[in-house]
Structures are given as structure tokens and as C-alpha cells.
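Undergrad: What follows is a protein structure lacking sequence information:
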């Protein structure tokens, strides 16, 4: 178990967390969420012991072993992926082989006996640690992450950055650890590898703490969410969807409590103003004033900054936006596209998904006119204007330019102030707009490309992995912008949340071919399962009936509440009239009691005093009734 007790951490003037506590138990699968810059990666490094907090204590159970996958990594070795993995788990396997050779060549009985004893110890350790099954485990994990047999035996220093990231993941999954820390582990995984990785994490028995912007992965894997917000770490039981519900419910409860507090305060202030007339300071009024002074105001949490944008609604294109006929493309001996045809109609949202290296990004570049096909034709429809977003930022952004320089390319007749206002919506304010592209993070570069797209009059958007490097709130805004866009969109993505919420038609790129499906990824998977005789059921009719029933109940509830609220209004109005009359009577009696002439006749004075006591009791009784009815009335709003 790991405990972070009252930890604090700051960088420059920014406080990441202050006096925050987090308990991580064996077997928990924790999703770490928060806006960019909130301190998620730093918290992982604190848990791993790589970074020390400014204050607080880190308590780790004795013998608890934990490893971390970082966003930055290096595997510059000429060892094969398979050999490197095996040696990372058992670095004495080569010693065993060396001993075998020495034993076969040794003639001295004393040395031979020592070699045999050492060999026995190493072999026993190797066997107990699962060494004889190690190669099978390594191949299974590498295969799940998309490595072929040939790739497993290729030197690590020949792999791309994304492939090295996969090897690092495999190395971590194989290590004899009690817990693993993952920082954006799916950035370089295609969809099949991501699904395999997800199933592996679901079965992982140790502690898992993961930073990820993949909502579907968080929903399917984690059982606890730790949110970093406003300098605090708050935990929620359940997956990401439940966290969103609970956070929204907590916020709504807090808002409701604040609204109720404001209503109670307004009601009390009305009572004070209403019954303090004629300068009479009744005890009830004084009591209410003291209540207001003692009451603590309910405060809502500070709003976090979130990007808010929509794509410019473009001019209408022709019905057939783009048509591809018998497109083929080969890179050396690799044939990525073979006589592929596609026609996209106005308003469609097309997803291209599947394994890496199967031609998705190439197809998008052919559509954008960036890459020429070896064979086939590309025809744009009437009045079609293209907008292209590349997952490889260097293809569209000059690292030597400033952000403003890049925006100038598409500014047209817009004034610079309008462009700077647009950049402000993407958190580039003040002198930030003059930062060089080369110093920006991946997320910042993605935001620059999105801002550039908003300057484009495009009615056909071609997007290559648009949600990469974006935090979840920004992803959600982008998804809504794509849904609301009246033009046509074709995008490459491994983000199941994006595909499921936007897509009208899907193309699944596999090594054996390209499958077309008229729906989103979830529906496509259900269709494939149905083809394999897996039971499926249609819930749409029941959902429609449930929505109708819900609307009917809401209407009945509104009428019911109005009926009872009206009854309370009538009763409260009556009591207020009685209270006003009694308060006037109390004021008149107090005037009599203040007159010395009243006490000349003992019986008269006694009668007035008893009458005053009676009126005072009636006022208290009516006030209690008024408060009771006012509170009850609030329940019917």
C-alpha cells in the first residue's frame, strides 16, 4: 500500500496540490484525471519516488515494488526486442549459458564442482521465477501489442518512437512488480493493440495508477478516480463515467444548497424588512438579524478553464463531396491500398480505423492532395473546400515560426485582433502568441492546428488523429464541434469515444482488407458479434417508450407541484395579513405601556399588560407558522 499524507507541491507561482492525502491500495485500478498542467505526471513521479513533495509524507508498505512508464523513453540498444525483454526480467540467463560452456570445457574437478553448484543455484532461481516460460510470456505480450515474429527479433534501435513505447510497455508488464504507474500509455497504440492492452489491464492483479485521456479505457479499466483540481486531490469510487455523474451530482447538490441558502436568506431579510416597520425592534427581528450575521456562505469551486469553440459553418457543397476510384498506393514492397473506391456524401462523418500501417493516413493524404496515388482517380465535388489536420505536426507547422505567423497564413481579410481573440479561446493570450512552434508541447501544437482550422472556410474536414495530445474536456468540445459541423468530415482515429459519438459510417482497415459499416464502432462490434452468433438485443423501442413515459411523468409532476405551491401561497398570504395586524396591535400596546398615565389605574395597567402578552404569543405562533409554511413551500418549486 502507498499513502500520500498531507502532501504539497508547487512550481514557480503555481500550486499543484496543498495538504492533500491519497491512499492507494493493492488491487486498485486508479485513473488520475485533471486539466493539462494540473500535476498528474508530477503526482505519478512523486508516487514512484522520482520527485519529492515540498511538504508531507510518502508511506510505502515494506517490500512493495512499483514501476513507472513515462512519456519520455529511450531504447537505443542493438539487442532484439525479445532478448531485451527476457534480460530485463532475468539478467542471469546469459550467466547460465556461460556456465554451461565452462562446465563442458572444465577438467579440474574442484572448479567443475564449484561451477556445478553455481549452475544449480542459478537454474533453480531461473525455474522458480518462471524463466522457462519467459519467452512464451514475452512473445504473448509483444504479439498483443502488435509485434510480428520478425519484429520481435529486430534490434530495438531500429524501431520508431511509437514501437519503442510499446516495448517499454511490454517491459513494465513483465516486471515482477506489485504496482505499475502509466502515463498516457495508449498514445502509440492502434485500436487492436489498445483493445488487447485494455483486457490485460482489466486482469492485472496489482495496483494500477494511470493517467489517460482515453475515456473508454478509463470506463472499462479503472475502479477509482483521483481528480486533481483547485490544488486538491479528490477520490471517487467507480469508473470515469460514474466519476462524471458523481462530480456533477456533487456540484448540483452544492449549487442547490447555495440556492436554498440564498432563498432562506432572502426570506429572512424580507421578514426583517416587513416587520421592522414603524421603528419597532421586535425580538424576532433581532434574532433573525443575528442568524444572518452568524451564517457561513456556501462557496462554489472555481471554474476551470476549458476551450470553447465551434467550426465555422461553411458554404454548401455539392451532394457528392469527394469520390475515389480504384485508388492504389505502394511504398516499396508494401502495398497499402489496392484498387480502393469510396464516395462521401454531404454531411457524412466517416471514420477510418484499424491497425497501424494499413493505409488510413495515406488515404487521408491522398484525399487532401498531399500524396499522389500510384493508380486511380480522386474527384472533388462542386464547391468543395478542404481543411486538413495532421497528427504529425511538423507536416503543417514550421518550428521556426511563431503561433501568430502560422495563423497569418490563413488570416485573409480578418483583422489581427480577431485572430488574437480566437487564439485566446485556445489559451494563447498576450505574448504567448509570439512563442515559437518549436517550444510548444504536443497538446499546444494540436490547439494551434485546431485554431487554424477555424480560420478555414472548409466544408470538408480531413482529420488525422485529432484527439491525440488533447485533454478530456478539450476532446469533448472537439467532439461536439464535429457533431455540430454542417459540412462533411472524414477522420482517422483510434479513439473509441470519438468514433462512437460522431461516426455515421466506418471503414475498418485490417491486413486482410477494408470492411465498410454504416454506423459507429460500438455498433460495428455488435454486428460482428452477431455474425458470430453472439446474442444481441435491440433496446431502441424500450428507450423510446421510457423517454415518453419520463416526459409524461415530468408534466404530471409540474402540475402537481403547481397545485400544492398555490395552496401554500394562499395560506402564507393569510398569515402575513394576520401578522401585520398583530404587529400593529403590538406597536399600539407598546405605546400605551410607555405612557405613565396607563399605570394610574392598576386594573387597566394589568389588562393592557395581559393583552400585550397575549398578542406577543400570537405573533410568535403566527411567525412559526409562516416559517414552517415558507419552508414547506420551497419543496414544491
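TA: Looks like it came in fine. Please read these numbers as outputs of a predicted model, since none were measured by experiment.

Undergrad: mind listing what residue 174 touches?
TA: Contacts for residue 174 were tallied using CB atoms under 8 Å, 6 or more residues apart in numbering; they are 85, 88-89, 137-138, 141. Where C-beta positions appear, they are placed from N, C-alpha and C, glycine not excepted.

Undergrad: From the residues you listed, which land in helices?
TA: 85, 88-89, 137-138, 141 (DSSP state H).

Undergrad: sorry, back to before: can you redo the contacts of residue 174 as a markdown table with neighbour count?
TA: Formatted as a markdown table, the contacts of residue 174 follow (neighbours: other CB atoms under 10 Å):
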| residue | neighbour count |
| --- | --- |
| 85 | 25 |
| 88 | 16 |
| 89 | 17 |
| 137 | 16 |
| 138 | 24 |
| 141 | 22 |
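
Undergrad: Export these to JSON lines and append columns for pLDDT and distance to residue 213.
TA: Listed next are these as JSON lines, based on pLDDT from 0 to 100; distance: CB to CB, whole Å:
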{"residue": "85", "pLDDT": "81", "distance to residue 213": "27"}
{"residue": "88", "pLDDT": "71", "distance to residue 213": "28"}
{"residue": "89", "pLDDT": "69", "distance to residue 213": "30"}
{"residue": "137", "pLDDT": "83", "distance to residue 213": "29"}
{"residue": "138", "pLDDT": "86", "distance to residue 213": "29"}
{"residue": "141", "pLDDT": "87", "distance to residue 213": "24"}
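
Undergrad: looking at the protein, which helix or strand is least sure?
TA: Among the helical and strand segments of the chain, the one scoring lowest on mean pLDDT, DSSP states H and E is helix 93-105, with a mean of 67.

Undergrad: Any chance you could list what contacts stretch 502-522?
TA: For stretch 502-522, the external contacting residues (CB under 8 Å, 6+ apart) are 340, 342, 348-355, 358-360, 479, 482-483, 489, 491, 496, 499-501, 523-524, 527.

Undergrad: Kindly report the same for stretch 427-447.
TA: 36, 305, 307, 393, 397-404, 406-407, 420, 423, 426, 448, 451, 466, 468-471, 474.

Undergrad: try stretch 364-375
TA: 322, 324, 326-330, 337, 339, 352, 362, 378, 386, 388, 395, 462, 464, 490-492.

Undergrad: now, which of those lie within helices?
TA: Those of the contacts of stretch 364-375 mapping onto helices are residue 362, per DSSP H.

Undergrad: Buried ones among the contacts of stretch 364-375?
TA: 322, 324, 327, 329, 337, 352, 362, 378, 386, 388, 462, 464, 490-492 (16 or more other CB atoms under 10 Å).

Undergrad: Pick the one among those residues closest to residue 624.
TA: The nearest member of the buried ones among the contacts of stretch 364-375 to residue 624, counting by CB to CB, is residue 491 at 64.7 Å.

Undergrad: any idea how far residue 450 is from that closest one?
TA: Applying CB to CB, to the nearest Å, the value for residue 491 to residue 450 is 13 Å.

Undergrad: any residues in contact with both of these two?
TA: Counting by CB under 8 Å, 6+ apart, the contacts common to residue 491 and residue 450 are residue 466.

Undergrad: still on that earlier bit, with distance to residue 607 as new columns, can the contacts of residue 174 be given to me in a markdown table?
TA: Putting the contacts of residue 174 into a markdown table (distance: CB to CB, whole Å) gives the following:
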| residue | distance to residue 607 |
| --- | --- |
| 85 | 102 |
| 88 | 101 |
| 89 | 101 |
| 137 | 101 |
| 138 | 103 |
| 141 | 98 |
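
Undergrad: Return the member of the residues you listed nearest to residue 164.
TA: Out of those, the member with the shortest distance to residue 164 (by CB to CB) is residue 85, at 12.5 Å.

Undergrad: Buried residues, stretch 44-52. List them.
TA: 44-48.

Undergrad: With respect to residue 230, which of these is nearest?
TA: Of all those, residue 230 sits closest to residue 46, with 18.4 Å by CB to CB.

Undergrad: Run through the neighbouring helices and strands of the one helix or strand the closest one maps to.
TA: Assessed by DSSP states H and E, residue 46 sits inside helix 40-48. Secondary-structure packing of helix 40-48 (3 or more CB pairs under 8 Å, 6 or more residues apart in numbering; DSSP states H and E): strand 2-11, strand 14-24, strand 29-33, strand 66-69, strand 179-183, strand 207-211.

Undergrad: And these: which comes nearest residue 283?
TA: Nearest to residue 283, of the helices and strands packed on helix 40-48 and by CB to CB, is strand 14-24 at 43.3 Å.

Undergrad: Please identify the pairing partners of that closest one and their relative orientation?
TA: According to DSSP bridges, strand 14-24 forms sheet pairs with strand 2-11 (antiparallel).

Undergrad: How far does the partner strand sit from its chain's centre?
TA: 22 Å (CA atoms, centre = their mean, to the nearest Å).

Undergrad: what is the rounded mean pLDDT of that strand?
TA: On average, the pLDDT along strand 2-11 is 90.

Undergrad: residue boundaries of the strands in the stretch 251-400 of the chain?
TA: Secondary structure of the stretch 251-400 of the chain by DSSP state E, counting those that start in this stretch: the strands cover 320-331, 334-345, 349-354, 375-380, 386-389.

Undergrad: quick one: the helices in the stretch 501-637 of the chain?
TA: 521-531, 540-593, 602-634 (DSSP state H, counting those that start in this stretch).

Undergrad: Serialize these to JSON lines and add fields for mean neighbour count and distance to residue 214.
TA: As requested, those are exported to JSON lines (neighbours: other CB atoms under 10 Å; distance: least, CB to CB, whole Å):
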{"stretch": "helix 521-531", "mean neighbour count": "15", "distance to residue 214": "13"}
{"stretch": "helix 540-593", "mean neighbour count": "13", "distance to residue 214": "26"}
{"stretch": "helix 602-634", "mean neighbour count": "15", "distance to residue 214": "43"}
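
Undergrad: Worst mean pLDDT among the ones you listed?
TA: Averaging pLDDT over each of the helices of the stretch 501-637 of the chain puts helix 540-593 lowest, since it has a mean of 75.

Undergrad: coming back round to it: reformat the strands of the stretch 251-400 of the chain as TSV; add distance to residue 289.
TA: Below are the strands of the stretch 251-400 of the chain laid out as TSV (distance: least, CB to CB, whole Å):
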stretch	distance to residue 289
strand 320-331	69
strand 334-345	69
strand 349-354	61
strand 375-380	74
strand 386-389	61
